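Student: Next one to model:
(one chain, ligands or ions: 2)
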Amino acid sequence: MRDSHTKLTLQSILLHWLVAIGIILMLAMGFYMDIAEARFLMPWHKSFGVLILLFALWRIVWRMINGWPTALSNEAPAVKLVSKGIHWLLIIGSALMPLSGIIMSGFGGKGLFFFGLEVWARNPDPMNPGQTLAVNEMLSGIGHELHEIGAYVMVLAIVLHIAGAMKQHHILKNGTVKRMLGKTID
Ligand code: HEM
Ligand code: HEM
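Tutor: Residues are numbered from 1 along each chain as shown. Ligands and ions are numbered 1, 2, ... in the order given. Below you'll find the predicted structure:
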């Protein structure tokens with residue numbers, strides 16, 4: 001079954017809210033870890049990030065097969081273009097955030113553990129027991145930059161996206177939000 005103009009599939013709705021809530025919580029967790037220096041949260045941050053990546057990739061494949069939901073509003077072409085651009089940014093960012101984190105950690109020598117299961121081995125520093133050595137400093141650095149800049153871009157995109165959704169719901173009073181909540185629009 002595919003999304004129609006009047007109703008979105010359960011798959012589209014569940015994937016939207018699962019990834020949306022996941023990304024918002026992960027952004028909050030990441031900024032909190034940074035500000036409060038709460039390093040003990042890092043294994044959870046990484047494991048949940050990898051889990052979200054799986055759903056984000058599923059969603060991208062689903063959008064490639066199904067296409068995007070059709071717009072319900074009759075807004076100016078420029079507004080529609082911005083809203084579409086933000087959808088692209090959000091869906092790509094949902095995969096790029098965890099991917100950049102994995103690149104930062106893996107090539108940084110820290111390895112990758114998925115809820116305790118080793119997916120990418122650590123690279124121990126033979127000179128300093130307990131410490132790790134970068135495997136590829138440049139790639140790890142690129143991952144780090146992408147992860148940090150990406151986080152701010154995602155916050156901005158999410159704020160604009162929610163503002164857009166509120167405008168559809170409260171000002172234009174169409175069924176855009178209701179449709180994403182599973183209702184059939186007439
Ligand atoms: C409370 C927060 C959010 C609300 C109220 C909300 C609401 C909506 C609504 C109403 C639509 C349908 C738009 C349409 O039919 O044209 C939509 C689509 C979309 N939203 Fe959100 N959203 C939220 C958070 C997020 C977050 C955090 C992300 C990114 C991770 C996201 C990514 C998307 C994408 C990519 C679409 C396009 C359709 C799809 O692929 O599901 N949203 N959102
Ligand atoms: C849903 C995906 C993710 C989101 C939204 C996210 C978000 C964030 C944010 C907001 C920060 C703080 C950035 C700052 O320094 O200001 C952060 C830090 C970090 N994240 Fe993620 N993250 C995600 C997934 C991952 C994954 C999968 C990994 C690794 C496997 C990872 C590894 C890290 C690391 C190592 C830091 C600390 C970087 C530093 O020391 O500066 N993240 N993340």
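Student: Let me see the mean pLDDT of stretch 175-186.
Tutor: For stretch 175-186, mean pLDDT rounds to 95.
Student: wait, does it contact ligand 1?
Tutor: Yes. Remark: stretch 175-186 sits within contact range of ligand 1 at 176-177, 180, by C-beta under 6 Å from any ligand atom. C-betas here are computed from N, CA, C, even on glycine.
Student: Strands along the chain, start to end?
Tutor: For the chain, the strands defined by DSSP state E cover 112-114, 117-120.
Student: Next up, the contacts around the spatially most central residue of the chain.
Tutor: By C-alpha atoms, centre = their mean, the mean C-alpha position of the chain lies nearest to Ser94, the distance being 2.2 Å. Going by C-beta atoms under 8 Å, 6 or more residues apart in numbering, Ser94 touches 19, 23, 52, 56, 59.
Student: Please list the residues of the chain that sit near ligand 2.
Tutor: 23, 26-27, 30-31, 34, 45-46, 49-50, 52, 97-98, 101-102, 104-105, 112, 147-148, 151.
Student: If we ignore the residues flanking it in sequence, what's nearest Leu96?
Tutor: Excluding the flanking residues, the one nearest Leu96 by C-beta to C-beta, 6 or more residues apart in numbering is Gly150, at 5.9 Å.
Student: for Ala95, that is, sorry about that
Tutor: Ala56 (4.4 Å).
Student: thinking again about what came up before, widest-spaced pair of the contacts of Ser94?
Tutor: The distance between the two most remote of those (C-beta to C-beta) is 11.2 Å, for Ile23 and Arg59.
Student: that older thread, could you identify which of the contacts of Ser94 has the most neighbours?
Tutor: Ala56 (26 neighbours; other C-beta atoms under 10 Å).
Student: residue boundaries of the helices in this structure?
Tutor: Using DSSP state H, the helices of the chain run over residues 10-36, 42-66, 77-107, 137-166, 176-180.
Student: if we can go back for a sec, generate CSV for the strands of the chain, with mean pLDDT, distance to ligand 1 and mean neighbour count as supplementary columns.
Tutor: CSV is the format used below for the strands of the chain (pLDDT from 0 to 100; distance: least, C-beta to the nearest ligand atom, whole Å; neighbours: other C-beta atoms under 10 Å):
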stretch, mean pLDDT, distance to ligand 1, mean neighbour count
strand 112-114, 97, 21, 17
strand 117-120, 97, 23, 12
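Student: closest to His170 out of the ones you listed?
Tutor: The closest of these to His170 is strand 112-114. By C-beta to C-beta, the value is 40.9 Å.
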